[in-house]
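Trainee: Just to be clear, the model below is a prediction. Sequence and coordinates:
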Amino acid sequence: MLKAELRKIEARKKEREKKTADLQKMIAQADASTNDMKKIGKKQKMVVGRLNRPEPVQVEQTGIKWPDGKLSGVSLRSTRMKLPTSVGLKKSKAIETMCTELGLEMQPSCTEEICSEFNELRSEMVLLYELKNALTNSEFELTSLSHQYEALVPGKSLSLPPQLLTSTTTLV
């Protein structure tokens with residue numbers, strides 16, 4: 001019986017470590033995308049005197065893996081605006097909800113710049129959605145651990161700081 005409990009504890013520990021590693025990976029991706037945005041802003045500020053358009057920026061693949069549009073033959077830019085099939089229904093619904101909250105069109109006109117920027121925005125929306133889910137899961141785990149502590153140590157309660165409880169925040 002004790003060995004079974006030990007296995008359960010070790011399995012939970014491995015799961016927590018895996019979740020922590022996934023969360024760290026998502027945070028690193030978010031930091032990388034914000035650093036890229038800062039670099040883009042600096043590049044555009046430096047090229048104010050020119051009249052030609054700034055060079056298209058390579059979008060880092062953080063949230064959505066977009067299919068490569070460099071196929072042979074004729075293609076429409078609007079096909080690059082379609083979400084890949086790898087994006088699930090929940091994520092696509094979350095993107096739609098965030099676009100509605102921000103007052104954005106779901107199908108804007110497909111110029112080259114708008115297409116790449118809109119895809120990057122939706123990719124970052126998916127990253128935000130995943131980070132929010134990871135935060136909610138972590139908060140739930142923290143709350144369940146505090147309840148376990150209270151059950152193991154009767155008479156003592158573990159109060160969580162309000163900074164850790166973020167379930168009242170919104171996506172935008």
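Mentor: Happy to help now that I have it.

Trainee: Around the closest residue to Ile114 other than its chain neighbours, how many other residues sit close by?
Mentor: Distances taken as Cβ to Cβ, 6 or more residues apart in numbering put Pro108 closest to Ile114, at 5.5 Å, once the chain neighbours are dropped. Every residue, glycine included, has its C-beta placed from N, CA and C. By other Cβ atoms under 10 Å, 13 other residues sit near Pro108.

Trainee: Let me know the helix or strand that the residue positioned nearest the centre of the chain is in.
Mentor: Taking Cα atoms, centre = their mean, the centroid of the chain lies closest to Leu127, which sits 1.2 Å from it. Assigning secondary structure by DSSP states H and E places Leu127 in helix 112-152.

Trainee: centre of the chain versus that helix, how much separation?
Mentor: 7 Å (Cα atoms, centre = their mean, to the nearest Å).

Trainee: Stretch 147-162 now?
Mentor: In terms of Cα atoms, centre = their mean, the centre of stretch 147-162 is found 32 Å from the chain centre.

Trainee: Buried residues, that stretch. List them.
Mentor: By 16 or more other Cβ atoms under 10 Å, stretch 147-162 has no buried positions at all.
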